[in-house]
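# structure for the following, please:
(one chain, ligands or ions: 1)
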Amino acid sequence: MTAASPAPSPAPSGRQHAPVADAPSGRQHAPVADAPPREVDTIVVGAGIAGIAAAARLRRSGVTDVLVVERADDVGGTWRDNVYPGVACDIPAHLYSYSFRPNPGWSRRFAPGSEIQEYLRSVVRDEGLTPQLLLGTDVIDMAWDDDAERWRLSTSRGGLVCRVLILAAGRLSEPVIPQLPGRESFVGPVMHSSAWMPGSDFAGARVGVVGTGASAVQLVPRLAEQGAEVTVFQRSAPWVVPRADAPIPSSARAAFASDPAAMQAHRESLFREFEAGHAARVADGPERESLRQLALSHLAAQVSDEALRARLTPDYEIGCKRVLLSDDWYPAIASGAVALEPSAIVALEGGRAVAASGARHEVDALVFATGFAATRPPFADRVRGRGGRLLADHWAEGMTAYASILMAGFPNLMVLDGPNAALGHNSAFAMIEAQAELAATLVTRMRAEGADVIEASPLAEQTWTAELDAASRGTVWLSGCRSWYVDDRSNRLTLLWPGNATAFRAALGAVGEQPLPLPSPVPASALQS
Ligand code: NAP
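Prediction:
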């Protein structure tokens with residue numbers, strides 16, 4: 001084993017990566033601790049998919065007095081950070097990309113992570129956003145100044161002031177690792193899937209992988225292929241359907257390059273195909289049954305051992321958590337190359353990992369594919385609105401917003417990828433673009449109409465939230481599994497939008513057309529798919 005030594009601790013996300021070519025990094029700026037704060041119209045925090053979308057949409061609307069502040073030294077967010085073996089997207093690349101920057105050159109139906117990261121860098125360059133980037137700059141605190149009607153930011157590079165603050169800090173940016181008794185007794189390498197140490201080589205090593213989510217099912221077969229002896233700690237079995245990945249032939253790529261309309265038609269057809277998957281989530285009808293049968297027959301086809309199949313069969317409703325796509329997860333386990341521990345990891349005893357079943361597994365290294373702080377984003381502890389109220393306190397009972405992006409008491413603040421803005425069945429780009437579009441619309445309308453401040457009223461936010469709570473009732477996401485879609489304190493569906501992507505776009509579009517300052521909630525009918 002030549003894994004990095006000494007044992008890496010789970011690092012904050014990817015700060016060691018190479019910057020976008022010619023992007024101004026925070027490191028190139030003189031220390032500004034005592035300098036007067038730099039003032040711009042709009043600050044976007046985060047240069048991942050959402051931050052790039054917001055900055056691009058603003059620029060395309062003529063708003064260029066924008067700074068994109070990013071703590072890492074490169075753009076890309078989750079695709080910059082996640083470099084574990086096998087990382088890829090499980091939404092087809094032609095759908096998992098910006099509608100305004102189609103890419104005819106995708107190499108495969110499901111793009112590898114590195115290709116998505118290159119794509120995001122190219123979008124930043126091609127949209128002319130590079131001069132707006134302030135990389136390597138950690139935003140420490142964001143406070144609304146009521147008198148000046150400005151947001152004041154303190155950062156690792158000094159102060160910033162802006163009129164509008166767009167928070168695009170990501171929902172998969174803060175890794176979570178369970179606190180385990182005896183952690184200090186384990187001296188081998190430990191890493192989170194999103195903080196993979198490039199160059200780690202686990203060939204011949206006994207590696208415990210904790211978790212069976214989207215990251216683990218991609219990572220585990222690759223680790224086994226590389227010669228690691230993997231033990232997977234499975235707290236709950238995932239539902240898995242066929243992936244059917246394939247290269248996109250060069251002839252098809254050339255055809256897309258020469259015929260943008262054909263590429264657009266392909267994207268739209270993929271969108272409709274994935275959008276249809278929503279029906280299986282809202283009611284236990286024929287669509288859910290056929291999804292269930294697809295997954296069960298996939299399992300039966302790939303795992304012949306009955307006892308193993310039983311351990312790999314989920315005990316909760318399909319769709320309650322993200323349905324995973326994999327053609328090599330079951331074969332890796334069925335072949336014996338990967339040992340399955342059918343319970344959680346609960347403690348460490350030196351080089352042994354203790355499972356809830358009581359079993360003890362000798363391990364040389366541990367990989368936590370245990371997900372992210374998504375429903376309780378740590379950035380909420382850094383945002384103070386009217387009267388100094390913390391966003392984390394506003395969200396004490398779970399995240400809420402009006403139109404997914406605006407919170408009462410937090411003027412001129414827009415959160416992207418925040419409350420009820422995710423999907424389980426379709427591309428995140430569809431949701432992110434709808435939010436970025438609304439943010440850009442509101443910023444340009446504020447300028448055009450002379451509105452200094454926009455803010456959701458408490459009634460608007462409460463009504464919107466009540467509508468969503470009602471729409472969430474009876475859906476599969478609240479059918480009783482433990483998932484990161486649901487806030488664990490309030491048991492409300494706070495991460496996912498309960499409708500489909502089309503309804504989200506329509507609902508946010510309707511908000512963008514309301515007179516400023518935004519008065520009342522959109523009608524309930526707008527929330528229905
Ligand atoms: P995740 O879906 O939150 O999964 C975390 C896993 O860790 C779950 O299986 C969870 O078990 C398990 N876990 C937590 N504590 C444990 C313990 N003490 N012992 C054993 N297991 C434990 O995290 P993720 O896989 O990183 O995926 C997060 C999200 O990233 C996905 O939902 C997806 O949106 C995105 N993602 C997407 C792709 C893609 O291809 N598009 C790829 C990777 C990730 P329980 O299920 O029992 O809670």
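
# SS state for residue 361?
strand (DSSP: H, G, I helix; E, B strand; the rest coil).

# give me the neighbour count for it.
A count of nearby residues for residue 361, using other Cβ atoms under 10 Å, gives 16. (Each C-beta comes from the backbone N, C-alpha and C, glycine too.)

# does it touch residue 353 like I think?
Yes. Look at residue 361 against residue 353 with Cβ atoms under 8 Å: they come within range, at 4.9 Å.

# now do the shared contacts for the two.
Both residue 361 and residue 353 are in contact with 208, 231, where contact means Cβ atoms under 8 Å, 6 or more residues apart in numbering.

# mind listing what's buried along stretch 191-210?
By 16 or more other Cβ atoms under 10 Å, the buried positions in stretch 191-210 come out as 191-197, 200, 202, 205-210.

# in strands only, show me those.
Judged by DSSP state E, strands contain the following of the buried residues of stretch 191-210: 191, 192, 206, 207, 208, 209, 210.

# so which of the buried residues of stretch 191-210 also contact the ligand?
193, 210 (Cβ under 6 Å from any ligand atom).

# residue 287: which of the buried residues of stretch 191-210 is nearest?
Nearest to residue 287 among those is residue 193, at 31.0 Å by Cβ to Cβ.

# how close does the closest one sit to residue 370?
To residue 370, residue 193 is 8 Å away according to Cβ to Cβ, to the nearest Å.

# can you check residue 475 too?
Counting by Cβ to Cβ, the gap from residue 475 to residue 370 is 25 Å.

# please apply the same query to residue 244.
Taking Cβ to Cβ, one finds residue 244 at 28 Å from residue 370.

# what's the answer for residue 99, then?
Distance from residue 99 to residue 370, by Cβ to Cβ: 33 Å.

# those two - which one has more neighbours?
Per other Cβ under 10 Å, whichever of residue 99 and residue 370 has more neighbours is residue 370, with 23 against 16.

# before we move on, what SS does that one have?
coil.

# what sits against it?
175, 176, 177, 178, 192, 193, 210, 211, 213.

# hmm, 7 Å instead?
The contact partners of residue 370, by Cβ atoms under 7 Å, 6 or more residues apart in numbering, come to 176, 177, 178, 210, 211.

# quick check: the closest residue to it other than its chain neighbours vs residue 359, distance?
Nearest residue to residue 370 in three dimensions, chain neighbours excluded: residue 211, at 4.7 Å (Cβ to Cβ, 6 or more residues apart in numbering). Residue 211 is 17 Å from residue 359, where distance means Cβ to Cβ.

# the more surrounded of those two?
Neighbours per residue, other Cβ under 10 Å: of residue 211 and residue 359, the larger number sits with residue 211, 26 against 14.

# does the more buried one really touch residue 367, like I thought?
No. Proximity of residue 211 to residue 367 does not meet the contact threshold set by Cβ atoms under 7 Å, at 8.6 Å.

# intersection of neighbour lists for the two?
Contacts common to residue 211 and residue 367, judged by Cβ under 7 Å, 6+ apart, are absent.

# coming back round to it: the buried residues of stretch 191-210: which two are farthest apart?
By the measure Cβ to Cβ, 194 and 206 form the most distant pair in those, at 22.3 Å.

# who in the stretch 1-150 of the chain is up against the ligand?
Residues of the stretch 1-150 of the chain lying close to the ligand (Cβ under 6 Å from any ligand atom) are 88, 89, 90, 91.

# can you pull the contacts of the second one?
Think residue 89. Contacts of residue 89 (Cβ under 7 Å, 6+ apart): 96, 110, 111, 116.

# try 8 Å
Residue 89 touches 96, 110, 111, 113, 116, counting by Cβ under 8 Å, 6+ apart.

# go on, the first one?
The contact partners of residue 88, by Cβ under 8 Å, 6+ apart, come to 108, 110, 111, 112, 113, 218, 245.

# one more time with 7 Å
Counted by Cβ under 7 Å, 6+ apart, residue 88 has contacts 110, 111, 112, 113, 218.

# ok, how many other residues are close to the first one?
Other residues within reach of residue 110 by the criterion other Cβ under 10 Å amount to 18.

# how about the third one?
If you count neighbours by other Cβ under 10 Å, residue 112 ends up with 17.

# hey, what's residue 192 bridged with?
residue 368 (DSSP bridges).

# over to residue 141?
Where residue 141 sits in a bridge, its partners, by DSSP bridges, are residue 154.

# what about the closest residue to the ligand within the stretch 351-500 of the chain, neighbour count?
Nearest residue of the stretch 351-500 of the chain to the ligand (Cβ to the nearest ligand atom) works out as residue 371 at 2.4 Å. Per other Cβ under 10 Å, the neighbour tally for residue 371 reads 21.

# contacts only, for it.
By Cβ under 7 Å, 6+ apart, the residues touching residue 371 are 176, 211, 213, 484.

# distance of it from residue 440?
Distance of residue 371 to residue 440, computed by Cβ to Cβ: 31 Å.

# then residue 115?
Computed as Cβ to Cβ, the residue 115 to residue 440 distance reads 27 Å.

# one more: residue 65?
Per Cβ to Cβ, residue 65 is found 13 Å from residue 440.

# between those two, which one's more packed in?
Neighbour tally, residue 65 and residue 440, criterion other Cβ under 10 Å: the higher count belongs to residue 440, 25 against 13.

# hang on, the more buried one packs against residue 59?
No. Proximity of residue 440 to residue 59 does not meet the contact threshold set by Cβ under 7 Å, at 8.8 Å.

# need the pLDDT of residue 15.
As summarised for this prediction, residue 15 has a pLDDT of 31.

# can you check the one 4 residues further on too?
At residue 19 the predicted local distance difference test score is 34.

# give me every residue that touches residue 406.
Residues counted as contacts of residue 406 (Cβ under 7 Å, 6+ apart) are 414, 455, 456.

# isn't the last one right next to residue 407, touching?
Yes. Counting by Cβ under 7 Å, residue 407 is a contact partner of residue 456 at 6.2 Å.

# buried set for stretch 142-153?
Within stretch 142-153, the residues scored as buried using 16+ other Cβ under 10 Å are 142, 144, 150, 151, 152, 153.

# what is the nearest of these to the ligand?
When the buried residues of stretch 142-153 are ranked by distance to the ligand (Cβ to the nearest ligand atom), residue 142 comes first, at 25.5 Å.

# stretch 240-255 and the ligand, are they touching?
No. Judged by Cβ under 6 Å from any ligand atom, stretch 240-255 stays clear of the ligand, getting no closer than 9.7 Å.

# ranges for the strands of the stretch 251-400 of the chain?
Counting by DSSP state E, counting those that start in this stretch, the segments of the stretch 251-400 of the chain that form strands are 324-325, 338-341, 345-349, 352-355, 360-362, 365-368, 383-384.

# helices or strands up against the third one?
This points to strand 345-349. On a contact count with 3 or more Cβ pairs under 7 Å, 6 or more residues apart in numbering; DSSP states H and E, strand 345-349 meets strand 352-355.

# again with the fifth one
The criterion is 3+ Cβ pairs under 7 Å, 6+ apart, and the helices and strands that strand 360-362 contacts are strand 352-355.

# quick one: mean pLDDT for the strand it packs on?
98.

# give me the sheet partners of it and which way each runs.
If you go by DSSP bridges, strand 352-355 pairs up with strand 345-349 (antiparallel), strand 360-362 (antiparallel).

# is it positioned near the ligand?
No. Using Cβ under 6 Å from any ligand atom, strand 352-355 stays clear of the ligand, with a minimum separation of 8.2 Å.

# gap between that strand and the chain center?
Taking the mean of its C-alpha atoms, strand 352-355 sits 30 Å from the chain's own mean (Cα atoms, centre = their mean, to the nearest Å).
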